[in-house]
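Q: what would the 3D arrangement of this be:
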Amino acid sequence: MFVDRVKIYAWAGNGGNGCASFRREKFLPKGGPDGGDGGRGGDVVFEVDNHTNDLRSFFYQPHQRAKNGLPGSSQQRTGKSGKPIVAKVPPGTVIYQSDEGLKEEPEYDEDGLPIENENKAPKELIQVADLTQVGQRFVLAKGGKGGKGNINFKSSTNQAPVEFTYGEPGESGVYYLELRHIADAGFVGFPNAGKSTLLGALSAAKPKVAAYPFTTLRPMVGVVEFNGFDRATLADIPGLIEGAHKNVGLGHDFLRHITRCRLLLFVVDMAGSEGRDPGEDVALLRKEISLYDDLLAKRPWMVIANKRDLPEFEENLAMFKQRFPKIDVVSISASNGEGLEELKQHLGEAIARQPTSSQ
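A: From the prediction side, this is the model:
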C-alpha cells in the first residue's frame, strides 16, 4: 500500500516536576534545601530519510507521543529528560498544522485501522515545514521544560524554601503530512500513453506495465544518466483523466506530485492507437494542469510523441505540429527503444537550462 497523505497526532513529553526536599544527615539534622529540577520532556522530531519511500508507517501509527521528563529528587539531582521521538519521512514531505482537537485514545474500525486517519484534510491548514533535504530535521512538537526544585528559591531571607514549580506541558497538535515527489522532470499523460514503459527504458526503475489503463497507481521516480556523468530524476505520474483538477478519479493525489518538477514532459500516444486525438489530449492535459495550479502550467514543457513504430504515427504527427508549431516535440517508440538516445540528449539539455529551484 502506497500512502502519500496522512493525518497524525503528536504529543511532546511533559516536563518533570521540581523537588522540594532538605538535606538531612547524621551530623547535619537541619541542612538546607537540596531539591533538584525536573527533566525536560522529549520532542517529536521529523528527519528526512532517503530510504523511506512513503508515509505508510504513520497510517498504522498516527499517534506520535514522546516520553515525559522525570521529576527532580533530593541531593540536587535533576530528573532524567524524556526520550524524543525521531520519525523518518521521505524527501518532499510537507507538514500542515490543523486546529482540530486532540483525542487521547485512537478509535479503530472493524479492520483494526484508525478511524481518524482520513485522507481528506480540512480546508484551512497552516504549512509549518517543507522537508526536502536528506538529513534535514524539524521539531514538530517541543517538550515541556522541567520544573524548578526548591534549591532555586533559597535566598538570604529565605533559608528554608518549600517552593517548587511543576513541569510545563509539552506541545501537542493535529497535523497532516503530504508527500510531493521531488524530480527534475515529470511525465504527464493519459492512461496507456506509455509513460511507465518509457521510464523503465530510460532508467533502472521497474514500474508495472500492462496493456490496460491505470496500471500505474502510485508515482515512481527513476534516474536517467547522460553523457559526462550527469544525471537527472524522472517521475512517472499515474495517468490523468478529464476533471482531474476537480479531484475526479485520483486527480489531486496525482497532480501534486508534479508540483516540484522543473520540467513537464507530456507523453502522448501520437499513433492514436486507442482512438484518441493526440492534439486534443495535449490540450486537455494542459487545461487540467492550468485549472489545478496556474503557476504549474507556466513551467517549461515539451511533448514526447510515443509509438512511432505504428502506421498512423506520421500522419498524426504532421497534424499535431500544424496545431502546435512552436512546441518542442521528440519522437520515440518506448516499446522498442527507437529515438531514446535522441530523447536523452534533448532531456539533458532541457533540464540543464532550468533553474535548480522547483518552487
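Q: for stretch 310-318, the averaged confidence score.
A: Mean pLDDT, stretch 310-318: 92.
Q: for it, which outside residues touch it?
A: The contact list for stretch 310-318 (CB atoms under 8 Å, 6 or more residues apart in numbering) reads 270-273, 278, 305, 307-308, 329, 331. Every C-beta, even on glycine, is put in place using the N, C-alpha and C of the backbone.
Q: for these, give me CSV that also has secondary structure and neighbour count.
A: Output for the contacts of stretch 310-318, formatted as CSV (DSSP: H, G, I helix; E, B strand; the rest coil; neighbours: other CB atoms under 10 Å):
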residue, secondary structure, neighbour count
M270, coil, 31
A271, coil, 22
G272, coil, 19
S273, coil, 15
P278, helix, 26
A305, strand, 23
K307, coil, 25
R308, coil, 17
V329, strand, 17
S331, strand, 18
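Q: so can I have a markdown table of those residues showing distance to K287?
A: Below are those laid out as a markdown table (distance: CB to CB, whole Å):
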| residue | distance to K287 |
| --- | --- |
| M270 | 19 |
| A271 | 23 |
| G272 | 19 |
| S273 | 23 |
| P278 | 15 |
| A305 | 20 |
| K307 | 23 |
| R308 | 26 |
| V329 | 19 |
| S331 | 24 |
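Q: how's this structure carved up into domains?
A: Domain assignment for the chain by automatic domain parsing gives 1-179, 185-352.
Q: end to end, how far does the last one reach?
A: Read that as domain 185-352. Distance between the two ends of domain 185-352: 11 Å, counting by CA to CA, to the nearest Å.
Q: same thing with stretch 158-167?
A: Stretch 158-167: ends 23 Å apart by CA to CA.
Q: who touches that stretch?
A: Residues outside stretch 158-167 that contact it (CB under 8 Å, 6+ apart) are 14-20, 22, 32-33, 35, 38, 41, 68-69, 71-72, 144-150, 153-155.
Q: where does pLDDT dip in this structure?
A: For the chain, the stretches with pLDDT under 70 are 1-2, 101-123, 204-218, 228-229, 239-254, 356-359.
Q: please enumerate the helices of it.
A: 56-60, 195-202, 251-255, 278-292, 294-297, 313-323, 340-352 (DSSP state H).
Q: so which elements touch the last one?
A: Other elements packing on helix 340-352 under the criterion 3 or more CB pairs under 8 Å, 6 or more residues apart in numbering; DSSP states H and E are strand 185-188, helix 195-202, strand 231-236, strand 263-269, strand 301-306, strand 329-331.
Q: swap the cut-off to 10 Å and go again
A: Contact here means 3 or more CB pairs under 10 Å, 6 or more residues apart in numbering; DSSP states H and E; on that basis helix 340-352 packs against strand 185-188, helix 195-202, strand 220-225, strand 231-236, strand 263-269, strand 301-306, strand 329-331.
Q: now render the ones you listed as CSV, adding distance to L343.
A: Shown next, in CSV, are the helices and strands packed on helix 340-352 (distance: least, CB to CB, whole Å):
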stretch, distance to L343
strand 185-188, 11
helix 195-202, 8
strand 220-225, 9
strand 231-236, 11
strand 263-269, 9
strand 301-306, 7
strand 329-331, 5
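Q: re earlier: closest to I8 out of the helices of the chain?
A: The closest of those to I8 is helix 56-60. By CB to CB, the value is 5.2 Å.
Q: ok, and for the closest one, which residues are buried?
A: Going by neighbour count (16 or more other CB atoms under 10 Å), the buried part of helix 56-60 is 58-59.
Q: just to revisit the earlier point, so for D54, which of the helices and strands packed on helix 340-352 sits nearest?
A: Closest approach to D54 among those (CB to CB): strand 220-225, 11.4 Å.
Q: direction included, what does that closest one pair against?
A: Strands that pair with strand 220-225, judged by DSSP bridges, come out as strand 231-236 (antiparallel).
Q: the partner strand to helix 195-202, inter-axis angle?
A: Counting by axes from the mean of the first three to the mean of the last three CA atoms, to 10 degrees, strand 231-236 lies at 160 degrees to helix 195-202.
Q: got the angle for strand 231-236 vs strand 263-269?
A: 50 degrees.
Q: which positions within strand 231-236 qualify as buried?
A: So strand 231-236, judged by 16+ other CB under 10 Å, has buried residues 232-236.
Q: just give me how far it sits from the chain centre.
A: Relative to its chain's centre, strand 231-236 lies at 17 Å (CA atoms, centre = their mean, to the nearest Å).
Q: tell me what angle it forms with helix 340-352.
A: 100 degrees.
Q: switch to numbering from 11
A: In the new numbering, first residue 11, that becomes strand 241-246.
Q: for A344, give me its contacts.
A: 203-212, 219, 277, 314, 316-319, 350, 353 (CB atoms under 10 Å, 6 or more residues apart in numbering).
Q: what values do phi and psi take at it?
A: Per-residue torsions, A344: phi -70, psi -30 (degrees, to the nearest 10).
Q: against A315, how distant is it?
A: For A344, the distance to A315 equals 11 Å [CB to CB, to the nearest Å].
Q: between the two, which contacts overlap?
A: What both A344 and A315 touch, as defined by CB under 10 Å, 6+ apart, is the set V277.
Q: give the contact list for the nearest residue to I342 once chain neighbours are set aside.
A: Residue nearest to I342 in three dimensions, not counting chain neighbours: G349, with 3.7 Å by CB to CB, 6 or more residues apart in numbering. Applying CB under 10 Å, 6+ apart to G349 gives the contacts 314-316, 318-319, 340-343, 356.
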